[in-house]
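Undergrad: Okay, sequence plus prediction incoming.
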Amino acid sequence: MPRSRCLLHICCAPDATIPWEELSREYEVRGYFYGSNIYPYEEYRRRREAVATLAEHREGGALFPEWAPQEWLEKTRTYAREPEKGKRCSLCFYLQLSHAAAAARREGCSLLCTTLTISPHKNVERIRAIGEAVACRYGLEWLHRVWRKGGGFQRSLAQSRELGLYRQNYCGCLYSIHGASHIQPEEQGHR
């Protein structure tokens, strides 16, 4: 009997280690790295390369849409002054998961899941609500998993070290670089 196809939204390679491995036991998994929220380009490139490295160790491969930060910046600009974990982050999750859901439909996947819940810094219930809404909008089933449970986050750290994956020190967006939500994109000379 063929296994259901799941598109795994990947925020970064270290956070994808455990989810990709565990989901592959039940489903045919395809990774999806959005990345247009990552700033600057050099950081995006490093994270993309790390996801590509991880994909070499996992079945199903990964999709890498073109880095297009303008859309993300335009849509989040209204929330530039929001603190971390505020409305801007919710919008960012929504944008990432919406792009992933569209890719899931194109790839013939019926399930959508994310790596975001492995982080001890993210609000699991907020991610769940956004994921369920996005999946419903695209006619997909949302697979809610809290990957940090049962030592998932610590296991991801260990696997990242074993595989030599780049591990970033900030969320990724322009506003999170220094935790400075007051920075405007124009001031940073975004690419």
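TA: Thanks, I have it.

Undergrad: where are the low-confidence patches of this protein?
TA: 178-191 (pLDDT under 70).

Undergrad: Contact partners for the spatially closest residue to Y138 that is not a sequence neighbour?
TA: Counting by Cβ to Cβ, 6 or more residues apart in numbering, Y138 lies nearest to A101, which is 3.9 Å off, once chain neighbours are set aside. Where you see a C-beta, it was placed from the backbone N, CA and C, and this is true even at glycine. Taking Cβ atoms under 8 Å, 6 or more residues apart in numbering as the criterion, A101 is in contact with L7, L112, V134, A135, R137, Y138, L140.

Undergrad: Among these, give me the pair with the biggest separation.
TA: With Cβ to Cβ as the measure, no two of those lie farther apart than L7 and R137, at 14.4 Å.

Undergrad: Pick out whichever of those two has more residues nearby.
TA: Neighbour count, other Cβ atoms under 10 Å: between L7 and R137, L7 has more, with 29 against 12.

Undergrad: would that one count as being in a helix?
TA: No: counting by DSSP: H, G, I helix; E, B strand; the rest coil, one finds L7 to be strand, located in no helix.

Undergrad: which residues sit in contact with it?
TA: 29-32, 100-101, 103-104, 107, 109, 111-113.

Undergrad: how close does it get to L163?
TA: When Cβ to Cβ, to the nearest Å is applied, the distance between L7 and L163 equals 22 Å.

Undergrad: can you check A68 too?
TA: If you go by Cβ to Cβ, the gap between A68 and L163 works out to 28 Å.

Undergrad: Then K75?
TA: 33 Å.

Undergrad: got it, and A104?
TA: 25 Å.
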